[in-house]
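Asker: give me coordinates for this.
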Amino acid sequence: MKRFAILLSFSTLSALVAGSALAQVPKLNTEPGKWSYNTRTEIPGMGSIPMSFEHCVTQKDIDEGRNLAAQKDAGMDCKYTDLKQTGNRYQFTATCTGKNLPEPMIMTYDMTASASQFDSKMTMTGGNTKAMGGKMNMSMSAKRVGGC
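Answerer: The predicted model follows:
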C-alpha cells in the first residue's frame, strides 16, 4: 500500500508538469491564481481513483517552473523528449529517475491548454508501476477559479 501511495502522489505531482515551464518543456501561457484540479488515476487491478485539490500558482511559480522543481525536490531527475506543439495541444515524454525507483519512470503526456484551464492525459510505465500491473493511466482537468 505504501508503494501505491507513493505512486499516486507522484502521479499527481507529475500531472502538474502540465502547468509548469522549463526550457525543455513547452511553456504554457497559464495565469497565476487559485487552480482547481480533478484527476482520475487508473491502475490495473486497483480500479479508478479520483482525486481533487486546489493549488495557488503565483507568477513566480510559472516563471521559475516550480512544479517541475518540486519533482527535483522530491529526488526526481526528469528529461523531456518528443516535444510537439500544435496550437494549444502539447505532447511530450518525461523520463524520470530517482534513488527510490527500481527503473526509470516513463510518462507520456497529451494535453490541451489555455490561460485558464487545461486537460491532460498521461500514461506511465516503469518506476514502481510493475508492482501495480505494469501501466498507469491518469487524466486531469484543471481550471483557474480565482485569485489566491
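Asker: where do the helices sit along the chain?
Answerer: For the chain, helices defined by DSSP state H occupy the ranges 2-15, 59-64, 66-73.
Asker: what average pLDDT does the shortest one get?
Answerer: In other words, helix 59-64. Mean pLDDT, computed over helix 59-64, is 78.
Asker: with the first one instead?
Answerer: Across helix 2-15, pLDDT averages out at 39.
Asker: neighbours of the closest residue to Asp77 other than its chain neighbours, how many?
Answerer: Spatially, and ignoring its direct neighbours in sequence, Asp77 is nearest to Thr97 (5.2 Å; Cβ to Cβ, 6 or more residues apart in numbering). Yep, even glycine has a C-beta here, placed from its N, CA and C like the rest. Burial measure for Thr97: 15 neighbouring residues, criterion other Cβ atoms under 10 Å.
Asker: kindly report the same for the one 5 residues further on.
Answerer: Other residues lying near Pro102 total 11 when counted by other Cβ under 10 Å.
Asker: got a pLDDT number for it?
Answerer: pLDDT for Pro102: 81.
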